[in-house]
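> got a structure for you, letters missing:
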């Protein structure tokens, strides 16, 4: 079944929840779709550009997703909140590019980010909060917020988590990468 065609034929549908473990193609949600909220609690991978250009999408909940590929939400201009608590790997770049209404992102399970990804939050001028987990991601491009237009608040769960982040910074400052 082609989800895009089905959704275009139901213009009054604004909330979509698919509680099946399903693999999605990158062109699955394309076209003139009125969906404002999407919940895919059993989906494990967000392929490249899966939700890109969904102009009315506001809220996304992907509780089991572990991998997010490039351009996943690019040009979702109404997107405000994304819950990706189990994403541990971000590949590619421009995941939230031009999500000009984005305010909150939960990446509390994030472990690895593509080192070259400097435009993940490009033009996300209203981004106020990113929730991270107990340990800092082991890779993050130093310019990730340069094109965002704002540096958001980074939420860390507790004091022990904060200590993990501090240790990560201290270790990195003491290690001279030019001699590696």
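Alright, I've got the coordinates. Nothing here was measured: the structure is a model prediction, and the numbers come from that model. Numbering: from 1, shown residues only.

> how about the helices of this protein, start to end?
Ranges of helices in the chain, per DSSP state H, are 3-8, 159-174.

> neighbouring contacts of the first one?
Read that as helix 3-8. Applying C-beta atoms under 8 Å, 6 or more residues apart in numbering, the external contacts of helix 3-8 come out as 13, 16, 24, 27, 28, 29, 30, 31, 32, 33, 34, 35. C-beta coordinates here come from the backbone N, C-alpha and C atoms, glycine included.

> looking at the helices of the chain, which has the lowest confidence?
Lowest mean pLDDT within those: helix 159-174, at a mean of 64.

> Format the contacts of helix 3-8 as TSV; extra columns: distance to residue 140.
TSV is the format used below for the contacts of helix 3-8 (distance: C-beta to C-beta, whole Å):
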residue	distance to residue 140
13	37
16	31
24	26
27	29
28	29
29	28
30	30
31	34
32	36
33	32
34	35
35	31
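
> Show the buried residues in those residues.
16, 24, 28, 29, 30, 33, 35 (16 or more other C-beta atoms under 10 Å).

> Filter the residues you listed down to the ones in strands?
residue 16 (DSSP state E).

> Including distance to residue 123, could the buried ones among the contacts of helix 3-8 go into a markdown table?
As requested, those are exported to a markdown table (distance: C-beta to C-beta, whole Å):
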| residue | distance to residue 123 |
| --- | --- |
| 16 | 26 |
| 24 | 25 |
| 28 | 24 |
| 29 | 21 |
| 30 | 21 |
| 33 | 22 |
| 35 | 22 |
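
> ok, back up a step: of the contacts of helix 3-8, the lowest pLDDT goes to which?
residue 32 (70).

> what about the spatially closest residue to residue 69 that is not a sequence neighbour, how many neighbours?
Spatially, and ignoring its direct neighbours in sequence, residue 69 is nearest to residue 48 (4.4 Å; C-beta to C-beta, 6 or more residues apart in numbering). By other C-beta atoms under 10 Å, 17 other residues sit near residue 48.

> now residue 48: how far from residue 71?
According to C-beta to C-beta, to the nearest Å, residue 48 and residue 71 sit 6 Å apart.

> Between those two, which contacts overlap?
What both residue 48 and residue 71 touch, as defined by C-beta under 8 Å, 6+ apart, is the set residue 92.

> contacting residues for the residue lying closest to residue 123 once chain neighbours are set aside?
Leaving aside its sequence neighbours, residue 123 sits nearest to residue 98 (C-beta to C-beta, 6+ apart; 4.8 Å). With contact taken as C-beta under 8 Å, 6+ apart, residue 98 is in contact with 74, 75, 77, 122, 123.
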